[in-house]
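# what follows is a protein structure lacking sequence information:
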Ligand SMILES: [Zn+2]
(Lines give C-alpha, C1' and ligand atoms only; values in the text may rest on other atoms or scores of the structure.)
Protein backbone atom coordinates (compact mmCIF):
# COMPACT_ATOMS: atom_id res chain seq x y z
CA UNK A 1 0.00 0.00 0.00
CA UNK A 2 1.26 3.44 -0.87
CA UNK A 3 0.53 6.34 1.43
CA UNK A 4 -0.23 9.53 -0.37
CA UNK A 5 0.84 12.74 1.24
CA UNK A 6 -1.39 15.69 0.41
CA UNK A 7 0.98 18.32 -0.88
CA UNK A 8 -0.46 21.50 -2.26
CA UNK A 9 1.83 24.07 -3.74
CA UNK A 10 0.11 27.06 -5.29
CA UNK A 11 2.28 28.35 -8.09
CA UNK A 12 -0.51 29.88 -10.10
CA UNK A 13 -0.32 33.63 -10.19
CA UNK A 14 -3.58 35.56 -9.67
CA UNK A 15 -5.54 36.07 -12.85
CA UNK A 16 -6.25 39.73 -13.73
CA UNK A 17 -8.92 40.79 -16.17
CA UNK A 18 -9.22 44.47 -17.03
CA UNK A 19 -12.91 45.05 -17.61
CA UNK A 20 -13.00 48.75 -18.54
CA UNK A 21 -10.91 51.87 -18.09
CA UNK A 22 -10.79 55.53 -19.00
CA UNK A 23 -9.32 55.80 -22.48
CA UNK A 24 -7.98 59.35 -22.39
CA UNK A 25 -5.79 60.51 -19.53
CA UNK A 26 -3.73 63.66 -19.13
CA UNK A 27 -0.95 64.63 -16.73
CA UNK A 28 -2.55 65.99 -13.57
CA UNK A 29 -5.78 64.18 -14.43
CA UNK A 30 -7.82 61.21 -13.24
CA UNK A 31 -9.12 57.97 -14.67
CA UNK A 32 -11.06 54.91 -13.55
CA UNK A 33 -9.96 51.30 -13.91
CA UNK A 34 -12.41 48.40 -13.40
CA UNK A 35 -10.84 44.97 -13.14
CA UNK A 36 -11.31 41.47 -11.74
CA UNK A 37 -8.78 39.34 -9.93
CA UNK A 38 -9.05 35.67 -9.05
CA UNK A 39 -9.88 34.91 -5.45
CA UNK A 40 -8.04 36.06 -2.32
CA UNK A 41 -5.67 38.39 -4.11
CA UNK A 42 -4.64 41.87 -2.99
CA UNK A 43 -4.61 44.30 -5.84
CA UNK A 44 -3.89 47.88 -6.76
CA UNK A 45 -3.25 50.06 -9.78
CA UNK A 46 0.03 51.87 -10.16
CA UNK A 47 1.38 54.70 -12.26
CA UNK A 48 5.13 54.24 -12.17
CA UNK A 49 6.07 54.04 -8.49
CA UNK A 50 2.81 55.59 -7.23
CA UNK A 51 0.09 53.11 -6.31
CA UNK A 52 -3.66 53.54 -5.92
CA UNK A 53 -5.80 51.15 -3.86
CA UNK A 54 -8.73 49.30 -5.39
CA UNK A 55 -12.18 48.90 -3.87
CA UNK A 56 -14.70 46.09 -4.15
CA UNK A 57 -17.58 47.05 -6.44
CA UNK A 58 -19.75 43.94 -6.19
CA UNK A 59 -18.96 40.38 -7.25
CA UNK A 60 -15.37 40.07 -8.38
CA UNK A 61 -15.26 43.61 -9.74
CA UNK A 62 -12.79 46.07 -8.27
CA UNK A 63 -12.52 49.78 -9.01
CA UNK A 64 -9.53 52.08 -8.63
CA UNK A 65 -9.16 55.77 -9.36
CA UNK A 66 -5.78 56.58 -10.83
CA UNK A 67 -4.14 59.97 -11.09
CA UNK A 68 -1.35 60.83 -13.44
CA UNK A 69 1.06 63.10 -11.60
CA UNK A 70 1.44 66.56 -13.20
CA UNK A 71 4.95 65.54 -14.30
CA UNK A 72 3.92 62.17 -15.75
CA UNK A 73 6.62 61.01 -18.15
CA UNK A 74 5.28 59.49 -21.39
CA UNK A 75 5.74 55.73 -21.38
CA UNK A 76 5.54 55.36 -17.59
CA UNK A 77 3.54 52.14 -17.17
CA UNK A 78 0.02 52.14 -15.76
CA UNK A 79 -0.73 48.66 -14.48
CA UNK A 80 -2.91 46.51 -12.27
CA UNK A 81 -0.92 44.33 -9.88
CA UNK A 82 -2.20 41.50 -7.72
CA UNK A 83 -0.67 39.22 -5.15
CA UNK A 84 -2.28 36.11 -3.69
CA UNK A 85 -1.86 34.59 -0.23
CA UNK A 86 0.85 32.24 -1.49
CA UNK A 87 2.89 35.24 -2.63
CA UNK A 88 2.35 34.74 -6.36
CA UNK A 89 2.25 38.07 -8.16
CA UNK A 90 0.83 39.14 -11.49
CA UNK A 91 0.41 42.42 -13.32
CA UNK A 92 -1.32 43.69 -16.44
CA UNK A 93 -0.87 46.95 -18.27
CA UNK A 94 -3.79 49.34 -18.59
CA UNK A 95 -4.18 50.79 -22.07
CA UNK A 96 -4.67 54.57 -22.20
CA UNK A 97 -4.03 57.41 -24.59
CA UNK A 98 -2.14 60.22 -22.92
CA UNK A 99 -3.25 63.68 -23.93
CA UNK A 100 -0.74 66.51 -23.62
CA UNK A 101 -1.36 69.13 -20.95
CA UNK A 102 0.84 72.11 -20.29
CA UNK A 103 1.28 73.97 -17.05
CA UNK A 104 2.32 77.55 -16.48
CA UNK A 105 5.25 79.19 -14.80
CA UNK A 106 5.07 82.14 -12.47
CA UNK A 107 7.47 84.35 -10.52
CA UNK A 108 6.71 85.34 -6.96
CA UNK A 109 8.47 88.30 -5.39
CA UNK A 110 9.11 87.77 -1.67
CA UNK A 111 8.98 91.01 0.32
CA UNK A 112 10.34 91.71 3.79
CA UNK A 113 6.92 92.71 5.15
CA UNK A 114 5.61 89.26 4.14
CA UNK A 115 8.57 87.53 5.82
CA UNK A 116 8.10 89.56 9.01
CA UNK A 117 4.44 88.57 9.11
CA UNK A 118 4.67 84.89 8.13
CA UNK A 119 8.01 83.44 9.23
CA UNK A 120 7.50 83.86 13.02
CA UNK A 121 3.95 82.46 12.68
CA UNK A 122 4.94 79.38 10.65
CA UNK A 123 8.34 78.70 12.18
CA UNK A 124 8.06 79.59 15.89
CA UNK A 125 11.07 77.40 16.71
CA UNK A 126 13.40 79.52 14.55
CA UNK A 127 16.40 81.07 16.31
CA UNK A 128 16.26 84.89 16.48
CA UNK A 129 19.71 85.01 14.87
CA UNK A 130 18.50 83.15 11.78
CA UNK A 131 17.74 85.48 8.87
CA UNK A 132 14.02 85.59 7.98
CA UNK A 133 14.75 84.53 4.40
CA UNK A 134 16.45 81.33 5.65
CA UNK A 135 13.35 80.65 7.74
CA UNK A 136 11.22 81.22 4.65
CA UNK A 137 13.22 78.57 2.75
CA UNK A 138 12.70 76.03 5.57
CA UNK A 139 8.96 76.74 5.38
CA UNK A 140 8.80 76.68 1.59
CA UNK A 141 10.79 73.44 1.29
CA UNK A 142 10.55 71.34 4.47
CA UNK A 143 7.10 72.36 5.71
CA UNK A 144 5.73 72.09 2.16
CA UNK A 145 7.12 68.53 1.93
CA UNK A 146 5.57 67.66 5.32
CA UNK A 147 2.20 68.82 4.02
CA UNK A 148 2.62 66.63 0.93
CA UNK A 149 3.25 63.61 3.18
CA UNK A 150 0.22 64.49 5.32
CA UNK A 151 -1.93 64.59 2.18
CA UNK A 152 -0.90 61.01 1.36
CA UNK A 153 -1.77 60.03 4.94
CA UNK A 154 -5.36 61.33 4.76
CA UNK A 155 -6.03 58.91 1.89
CA UNK A 156 -6.07 55.93 4.28
CA UNK A 157 -9.36 57.23 5.75
CA UNK A 158 -11.29 57.15 2.50
CA UNK A 159 -14.73 55.51 2.17
CA UNK A 160 -14.88 52.34 0.06
CA UNK A 161 -17.68 53.75 -2.11
CA UNK A 162 -18.37 57.09 -3.83
CA UNK A 163 -20.08 59.52 -1.45
CA UNK A 164 -20.49 62.23 -4.09
CA UNK A 165 -22.79 62.95 -7.00
CA UNK A 166 -22.95 65.42 -9.84
CA UNK A 167 -20.28 67.93 -10.79
CA UNK A 168 -18.19 69.53 -8.05
CA UNK A 169 -19.01 73.17 -7.31
CA UNK A 170 -16.72 76.16 -7.48
CA UNK A 171 -17.34 78.70 -4.70
CA UNK A 172 -19.73 81.38 -5.88
CA UNK A 173 -18.27 84.49 -7.57
CA UNK A 174 -14.70 83.27 -7.35
CA UNK A 175 -12.02 83.65 -9.95
CA UNK A 176 -9.07 81.29 -10.47
CA UNK A 177 -6.05 83.52 -10.09
CA UNK A 178 -3.40 80.88 -9.67
CA UNK A 179 -3.32 77.57 -11.47
CA UNK A 180 -2.75 73.89 -10.83
CA UNK A 181 0.83 72.62 -11.24
CA UNK A 182 2.17 76.09 -11.90
CA UNK A 183 5.92 76.12 -11.35
CA UNK A 184 6.77 79.10 -9.16
CA UNK A 185 10.13 80.73 -9.04
CA UNK A 186 10.60 82.70 -5.81
CA UNK A 187 12.60 85.90 -6.11
CA UNK A 188 14.07 87.82 -3.17
CA UNK A 189 16.16 90.94 -3.54
CA UNK A 190 16.43 90.33 -7.29
CA UNK A 191 17.77 86.81 -6.79
CA UNK A 192 16.02 83.52 -7.58
CA UNK A 193 16.00 81.65 -4.28
CA UNK A 194 13.62 78.72 -4.74
CA UNK A 195 11.34 76.84 -7.14
CA UNK A 196 8.22 74.95 -6.08
CA UNK A 197 5.10 73.56 -7.72
CA UNK A 198 1.65 74.90 -6.78
CA UNK A 199 -0.77 71.97 -6.42
CA UNK A 200 -4.17 73.63 -6.46
CA UNK A 201 -6.28 76.52 -7.64
CA UNK A 202 -6.25 79.82 -5.80
CA UNK A 203 -9.80 81.17 -5.77
CA UNK A 204 -10.58 84.68 -4.63
CA UNK A 205 -13.71 86.72 -4.17
CA UNK A 206 -14.30 88.82 -1.08
CA UNK A 207 -12.57 88.74 2.27
CA UNK A 208 -13.80 85.99 4.63
CA UNK A 209 -16.01 84.54 1.89
CA UNK A 210 -18.00 81.36 2.67
CA UNK A 211 -16.15 78.20 1.56
CA UNK A 212 -18.56 75.50 0.39
CA UNK A 213 -17.91 71.74 0.26
CA UNK A 214 -17.37 70.98 -3.43
CA UNK A 215 -19.48 67.85 -3.16
CA UNK A 216 -21.03 65.43 -0.65
CA UNK A 217 -18.62 63.65 1.62
CA UNK A 218 -17.25 63.25 5.11
CA UNK A 219 -14.77 65.56 6.82
CA UNK A 220 -11.43 63.70 7.02
CA UNK A 221 -9.19 66.41 8.50
CA UNK A 222 -9.55 69.75 10.26
CA UNK A 223 -6.64 71.76 11.59
CA UNK A 224 -3.47 73.68 10.82
CA UNK A 225 -1.37 72.06 8.07
CA UNK A 226 1.98 73.88 7.76
CA UNK A 227 1.97 76.12 4.64
CA UNK A 228 -1.73 75.49 4.10
CA UNK A 229 -2.72 77.18 7.36
CA UNK A 230 -6.15 76.25 8.73
CA UNK A 231 -7.30 73.42 6.48
CA UNK A 232 -10.31 71.19 5.90
CA UNK A 233 -10.11 67.95 3.90
CA UNK A 234 -13.34 66.32 2.72
CA UNK A 235 -13.40 62.66 1.69
CA UNK A 236 -15.63 61.77 -1.28
CA UNK A 237 -14.78 58.04 -1.30
CA UNK A 238 -12.57 55.77 -3.46
CA UNK A 239 -9.55 57.91 -2.51
CA UNK A 240 -11.03 61.13 -3.92
CA UNK A 241 -10.74 64.12 -1.55
CA UNK A 242 -10.90 67.91 -1.68
CA UNK A 243 -8.72 70.24 0.37
CA UNK A 244 -9.55 73.80 1.45
CA UNK A 245 -6.66 75.88 2.79
CA UNK A 246 -5.75 79.28 4.32
CA UNK A 247 -9.16 79.43 6.10
CA UNK A 248 -9.84 82.10 8.71
CA UNK A 249 -12.57 80.09 10.46
CA UNK A 250 -13.75 76.46 10.30
CA UNK A 251 -17.28 75.36 11.25
CA UNK A 252 -17.04 71.57 10.72
CA UNK A 253 -15.27 68.78 12.58
CA UNK A 254 -13.70 65.46 11.61
CA UNK A 255 -16.35 62.83 10.87
CA UNK A 256 -19.09 65.31 9.92
CA UNK A 257 -21.11 64.32 6.87
CA UNK A 258 -21.32 67.34 4.56
CA UNK A 259 -23.65 68.15 1.69
CA UNK A 260 -22.57 69.72 -1.56
CA UNK A 261 -22.41 73.48 -1.01
CA UNK A 262 -22.47 73.25 2.78
CA UNK A 263 -20.27 75.89 4.41
CA UNK A 264 -17.02 74.48 5.82
CA UNK A 265 -15.67 77.81 7.00
CA UNK A 266 -14.51 81.17 5.68
CA UNK A 267 -11.60 82.11 3.45
CA UNK A 268 -8.57 83.77 5.00
CA UNK A 269 -4.81 84.16 4.77
CA UNK A 270 -3.51 81.63 7.33
CA UNK A 271 -0.42 79.66 6.34
CA UNK A 272 1.83 80.80 3.51
CA UNK A 273 -0.82 82.96 1.84
CA UNK A 274 -0.46 86.42 0.36
CA UNK A 275 -3.88 88.00 0.90
CA UNK A 276 -7.29 86.43 1.60
CA UNK A 277 -8.14 83.58 -0.78
CA UNK A 278 -9.11 79.91 -0.88
CA UNK A 279 -6.45 77.41 -1.93
CA UNK A 280 -8.46 74.47 -3.31
CA UNK A 281 -7.10 71.05 -4.24
CA UNK A 282 -8.52 67.80 -5.54
CA UNK A 283 -6.61 64.74 -4.35
CA UNK A 284 -6.63 61.13 -5.53
CA UNK A 285 -4.98 58.96 -2.90
CA UNK A 286 -3.08 62.07 -1.82
CA UNK A 287 -1.88 63.00 -5.33
CA UNK A 288 -3.04 66.45 -6.45
CA UNK A 289 -4.92 66.66 -9.72
CA UNK A 290 -6.45 69.53 -11.64
CA UNK A 291 -9.82 70.62 -10.20
CA UNK A 292 -11.26 71.39 -13.66
CA UNK A 293 -12.15 67.80 -14.51
CA UNK A 294 -14.52 67.40 -11.56
CA UNK A 295 -16.20 70.77 -12.21
CA UNK A 296 -17.29 69.39 -15.58
CA UNK A 297 -20.38 67.12 -15.65
CA UNK A 298 -19.57 66.00 -19.19
CA UNK A 299 -16.08 64.99 -18.19
CA UNK A 300 -17.48 62.90 -15.29
CA UNK A 301 -20.06 61.37 -17.62
CA UNK A 302 -17.56 60.43 -20.33
CA UNK A 303 -14.38 59.61 -18.48
CA UNK A 304 -15.84 58.30 -15.23
CA UNK A 305 -19.30 56.92 -15.86
CA UNK A 306 -18.30 55.63 -19.30
CA UNK A 307 -16.04 52.89 -17.94
CA UNK A 308 -18.32 52.20 -14.93
CA UNK A 309 -21.34 51.79 -17.19
CA UNK A 310 -19.48 49.64 -19.67
CA UNK A 311 -18.45 47.38 -16.77
CA UNK A 312 -22.10 47.12 -15.70
CA UNK A 313 -21.49 48.99 -12.43
CA UNK A 314 -23.49 51.76 -10.77
CA UNK A 315 -22.56 55.15 -12.19
CA UNK A 316 -22.13 58.53 -10.47
CA UNK A 317 -25.59 60.13 -10.31
CA UNK A 318 -26.46 63.65 -11.35
CA UNK A 319 -24.29 64.12 -14.46
CA UNK A 320 -26.78 63.12 -17.17
CA UNK A 321 -26.97 60.06 -19.36
CA UNK A 322 -23.74 58.60 -20.56
CA UNK A 323 -22.99 57.57 -24.10
CA UNK A 324 -19.80 56.32 -22.59
CA UNK A 325 -16.22 56.44 -23.68
CA UNK A 326 -13.92 53.73 -22.51
CA UNK A 327 -11.81 50.87 -23.61
CA UNK A 328 -13.38 47.55 -23.03
CA UNK A 329 -11.86 44.16 -23.38
CA UNK A 330 -13.69 40.96 -24.22
CA UNK A 331 -14.38 39.06 -21.01
CA UNK A 332 -11.74 36.42 -20.45
CA UNK A 333 -12.98 32.85 -20.36
CA UNK A 334 -12.46 31.38 -16.89
CA UNK A 335 -9.74 28.77 -17.03
CA UNK A 336 -9.11 25.95 -14.60
CA UNK A 337 -6.52 26.63 -11.98
CA UNK A 338 -4.67 24.65 -9.39
CA UNK A 339 -6.52 23.95 -6.21
CA UNK A 340 -5.47 25.95 -3.27
CA UNK A 341 -4.32 24.62 0.04
CA UNK A 342 -7.11 24.73 2.62
ZN1 LIG B 1 -2.54 78.26 -3.53
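Nice, I can see it. What you see is a predicted model, and the numbers here were worked out from it, not measured in a lab. Numbers count the residues shown, from 1 in each chain.
# find the nearest non-adjacent residue to the most centrally placed residue in the chain, please.
The chain has residue 284 as the residue nearest its centroid, 1.8 Å off, counting by C-alpha atoms, centre = their mean. By the measure of C-beta to C-beta, 6 or more residues apart in numbering, the closest residue to residue 284 outside its immediate chain neighbours is residue 67, 3.8 Å from it. For every residue, glycine as well, the C-beta is placed using N, CA and C.
# where does the one you found land on pLDDT?
We have a pLDDT of 98 for residue 67.
# my guess is it contacts residue 32, does it?
No: Residue 67 is beyond contact range of residue 32, at 11.0 Å (criterion: C-beta atoms under 8 Å).
# who has more neighbours, the two?
residue 67 (26 against 23; other C-beta atoms under 10 Å).
# that one and the ion, how far apart?
19 Å (C-beta to the ion, to the nearest Å).
# list the contacts of that residue.
Neighbouring residues of residue 67 by C-beta atoms under 8 Å, 6 or more residues apart in numbering: 28-30, 47, 50, 52, 284-285, 287-289.
# could you list the residues of the chain in contact with the ion?
By C-beta under 5 Å from the ion, the residues of the chain that approach the ion are 202, 279.
# ok so, going back, and the residue nearest to residue 284, its phi and psi?
phi -120, psi 140 (degrees, to the nearest 10).
# is it bridged to anything, and to what?
residue 30 (DSSP bridges).
# residue 202 versus that one, what's the distance?
20 Å (C-beta to C-beta, to the nearest Å).
# just residue 236 next, same as before
21 Å.
# same deal with residue 152?
22 Å.
# more crowded one of the two?
residue 202 (22 against 13).
# my guess is the more buried one contacts residue 175. True?
No: taking contacts as C-beta under 8 Å, residue 202 lies outside contact range of residue 175: 9.2 Å.
# need phi/psi at the one residue in the chain that gets nearest to the ion.
Here the chain gets closest to the ion at one residue, residue 279, 3.5 Å apart by C-beta to the ion. When read as degrees, to the nearest 10, the backbone of residue 279 gives phi -90, psi 120.
# can you tell me the closest non-neighbouring residue to it?
Nearest to residue 279 is residue 245, by C-beta to C-beta, 6+ apart, at 3.9 Å.
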